[in-house]
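> how would this look folded up:
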Amino acid sequence: MKRLSSHTIGMDQGTFELFSDFQEGGEMWTGSGPRKVSRAVEFSEAFSTQPMVHVSLSMWDMGNDSNARADIRAENVTETGFDLVFRT
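Sure, this is the predicted structure:
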């Protein structure tokens, strides 16, 4: 339950699919290429100051023939949005 009585605190929430390379044999699946995906995310409305952003994985599917390594982060955070970046 989220209860905020102050109008100075705001939260925005969402889910994005950055890639699904196993369906198309893309770079993340084949292990070749830059293996980095970035997507601009806009908040539903601007924050009054630069917010703290928390990102996480909602699904992780991998083959069993290699180690799994991933870096997911919010970069270039502003009052209006950020870049969601995944690297491996």
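
> what about the protein, any weak spots by pLDDT?
The chain contains residues with pLDDT under 70 at 1-4, 6, 19-34, 61-63, 65-66.

> all helices of it, in order?
With helices called from DSSP state H, the chain shows them at 27-30.

> would you list every one of the strands in it?
Assigned by DSSP state E, the strands in the chain fall at 36-42, 71-75, 81-87.

> K36 and T88, how far apart?
Per CB to CB, to the nearest Å, K36 is found 8 Å from T88. To be clear about C-beta, it is placed using only N, CA and C from the backbone, and glycine gets the same treatment.

> wait, L57
In terms of CB to CB, L57 sits 12 Å off from T88.

> between the two, which one's more packed in?
Using other CB atoms under 10 Å, the more surrounded residue of L57 and T88 is T88, with 14 against 9.

> test my guess that the more buried one contacts L18.
No. Using CB atoms under 8 Å, T88 is not in contact with L18; the gap is 11.3 Å.

> just say which of the strands of the chain is most tucked in.
The highest mean neighbour count among the strands of the chain, using mean count of other CB atoms under 10 Å, belongs to strand 81-87: a mean of 17.

> residues contacting that strand, please?
If you take CB atoms under 8 Å, 6 or more residues apart in numbering as the criterion, strand 81-87 is touched by 16, 18-19, 35-43, 53, 55, 70-76.
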